[in-house]
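Colleague: Build me a structure from this.
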Amino acid sequence: MTFRPSRGGPILTARTPRRAVVRLGLMTLLVAGAGAVLHLGTSLARLTLGAEALARADRSLTPRPRGGSLVICGGGNLPERIREHFIELAGGPNARILIIPTANSSADGPSGARSLEPWKKYRVASMGVFHTRSRKQADDPEFVRPLTEATGIWFGGGQQSLLTDVYLGTEVERQLKALLARGGVIGGTSAGAAVMSRVMIASGFREARLAQGFDFLDGAVVDQHFIKRNRIRRLAGVVKQFPNLIGLGIDETTALVVDIQGKRVRVIGGSYVVACLPEFIGKEISTRVEILKPGDEADLTALKSMADNAVVSAIDLDAL
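Modeller: Below you'll find the model as predicted:
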């Protein structure tokens, strides 16, 4: 499928196969259907309430990491390529992996141990499950010790507040950021993706209910199951409330791989990532979208400034 991110929306080239039209049509309807949201302005005077409330709720005790990688997945069935890339970033055969199933309300039972099953086929140095419901235990140095030796952490899906309620502001959070600082990788899917940014979408259909996430990713807010559940209206509302952020809507079966230090991202998997970007029109805030397909790379700083070279397409469209 020859699909190009564009200021004016998706472009279908003459070589696009017929079976791709359905998918493209879905994306076009997604963007067009949110037109009212994307072009309705928000007064700058109304923005401070949400930001101040979030600042008062700040329980984070450690600075944002400056290195490492993130593998942020939109949910659904996880392609093997995404798992393999996560393992590679964690050190390949030398990787020491911990799976955190805490977002799953049933993680205290057998399903917690089962969260390891999809990963067992990979040959790595070590792999285990890390889980608690106790904030006291999350501050216990002996309990947290496995995190100090890990090279890769994977957050499973479920309810994102179950993760932050237990780990935010604890020794667990400090060690997660320390792992990134020493060049490790943190990945997550669905709820495990939502917790990656400081401003976290906790729930909500048309309007997001916000909470605080782990602040691994600077300058962005993450939404997941994005195209599958048509969440552009929700994400655009958050970007208008926090115009210093880029909204990253990640579809199912898809991952956004982030180089934290280089502020570069790359899309892998089976669908798209929608970047929702703030635009200032006088005293009003609007939003626009950029569509990133598998293989596309982007510079987050350039993307925020709307530079023409912000996205590097995986296909040489000029040669088609």
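Colleague: wait, what's in contact with the closest residue to G75 other than its chain neighbours?
Modeller: Of all residues not flanking G75 in the chain, S190 sits nearest, at 3.7 Å (CB to CB, 6 or more residues apart in numbering). C-beta: built from backbone N, CA, C; applies to glycine. For S190, the contacting residues are C73, G74, G75, A103, G156, G157, G158, Q224, H225, by CB atoms under 8 Å, 6 or more residues apart in numbering.
Colleague: Tell me which entries of those residues lie within strands.
Modeller: C73, Q224 (DSSP state E).
Colleague: Selecting buried members of the contacts of S190 in ChimeraX, what would you type?
Modeller: Those of these that count as buried under 16 or more other CB atoms under 10 Å are selected in ChimeraX with:
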select :73,74,75,103,156,157,158,224,225
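Colleague: Between the contacts of S190, which sits nearest R133?
Modeller: Using CB to CB, A103 comes nearest to R133 of those, at 11.7 Å.
Colleague: Now V289: which helix or strand?
Modeller: For V289, the host element (DSSP states H and E) is strand 284-292.
Colleague: Apologies, that question was intended for L163.
Modeller: L163 belongs to helix 160-167 when elements are defined using DSSP H and E.
Colleague: starting at the chain centroid, how far to the helix or strand following that helix?
Modeller: Next in sequence after helix 160-167, counting helices and strands by DSSP H and E, comes helix 171-181. Centroid separation for helix 171-181 versus its chain: 18 Å, with CA atoms, centre = their mean, to the nearest Å.
Colleague: cool, stretch 100-114 as well?
Modeller: Relative to the centre of its chain, stretch 100-114 is centred 21 Å away, using CA atoms, centre = their mean.
Colleague: what do you get for stretch 278-285?
Modeller: Using CA atoms, centre = their mean, the offset of stretch 278-285 from its chain centre is 25 Å.
Colleague: residues of it that come out buried?
Modeller: For stretch 278-285, the neighbour count (16+ other CB under 10 Å) marks P278, I285 as buried.
Colleague: gap between the two ends of it?
Modeller: End-to-end distance of stretch 278-285: 7 Å, with CA to CA, to the nearest Å as the criterion.
Colleague: now stretch 259-273
Modeller: End-to-end for stretch 259-273, by CA to CA: 16 Å.
Colleague: what do you get for stretch 155-172?
Modeller: Using CA to CA, the end-to-end distance of stretch 155-172 comes out at 13 Å.
Colleague: Give me the distance between it and the centre of its chain.
Modeller: Per CA atoms, centre = their mean, the displacement of stretch 155-172 from the mean C-alpha position of its chain is 15 Å.
Colleague: List phi and psi for the closest residue to V195 other than its chain neighbours.
Modeller: Excluding its sequence neighbours, the residue lying closest to V195 (CB to CB, 6+ apart) is G213, at 4.5 Å. Backbone torsions for G213, taken as degrees, to the nearest 10, come to phi -100, psi -160.
Colleague: Looks like D108 contacts V129 (just checking).
Modeller: No - look at D108 against V129 with CB atoms under 8 Å: they stay out of range, at 11.4 Å.
Colleague: So for the two, which sits in the more crowded spot?
Modeller: Between D108 and V129, counted using other CB atoms under 10 Å, the more crowded position is V129 (18 against 13).
Colleague: Please list all residues in contact with the more buried one.
Modeller: V129 neighbours (CB under 8 Å, 6+ apart): L98, I99, I100, P101, G112, A113, S115, L116.
Colleague: ok, 7 Å please
Modeller: Taking CB atoms under 7 Å, 6 or more residues apart in numbering, we find V129 in contact with I99, P101, G112, A113, S115, L116.
Colleague: Report the beta-bridge partners for it.
Modeller: Under DSSP bridges, the beta-bridge partners of V129 are I99.
Colleague: And it, how far from F205?
Modeller: Note on V129: its distance to F205, by CB to CB, to the nearest Å, is 32 Å.
Colleague: likewise L89?
Modeller: From L89 over to F205 the distance is 34 Å, taken as CB to CB.
Colleague: For those two, work out which one has more neighbours and name it.
Modeller: L89 (22 against 11).
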